[in-house]
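In: Let me see the structure of the following:
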Amino acid sequence: MRKNITLECVETGERLYITSKNTRNNPDRLELKKYSQKLRRKAIFRETK
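Out: The predicted model follows:
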């Protein structure tokens with residue numbers, strides 16, 4: 001079952017990206033490197049609850 005999640009930047013706390021993940025295959029929190037507009041570089045974005 002796919003579930004919609006919000007990604008939050010670890011450094012700035014901004015929530016820019018929405019994606020989906022398969023909870024059966026990936027039960028842990030998702031971490032992706034995405035572009036942060038405030039930092040003007042790629043940063044780590046972590047799944048929020």
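In: starting at the chain centroid, how far to the helix or strand containing residue 21?
Out: Assigned by DSSP states H and E, residue 21 falls within strand 15-22. Offset of strand 15-22 from its chain centre (C-alpha atoms, centre = their mean, to the nearest Å): 6 Å.
In: Next, work out how far apart residue 18 and residue 45 are.
Out: 11 Å (C-beta to C-beta, to the nearest Å). C-beta: built from backbone N, CA, C; applies to glycine.
In: The two: which has the busier surroundings?
Out: residue 45 (24 against 9; other C-beta atoms under 10 Å).
In: Who does the more buried one form a beta bridge with?
Out: As for beta bridges, residue 45 partners with residue 9, residue 32 under DSSP bridges.
In: Please state the backbone phi and psi of the spatially most central residue of the chain?
Out: Centroid-nearest residue in the chain, with C-alpha atoms, centre = their mean: residue 7, separated by 2.6 Å. With angles defined as degrees, to the nearest 10, residue 7 sits at phi -100, psi 130.
In: rewinding a little: now do the shared contacts for residue 18 and residue 45.
Out: residue 7 (C-beta atoms under 8 Å, 6 or more residues apart in numbering).
In: one step back: touching, the residue nearest to the centre of the chain and residue 15? I think so.
Out: Yes - taking contacts as C-beta atoms under 8 Å, residue 7 lies within contact range of residue 15: 7.0 Å.
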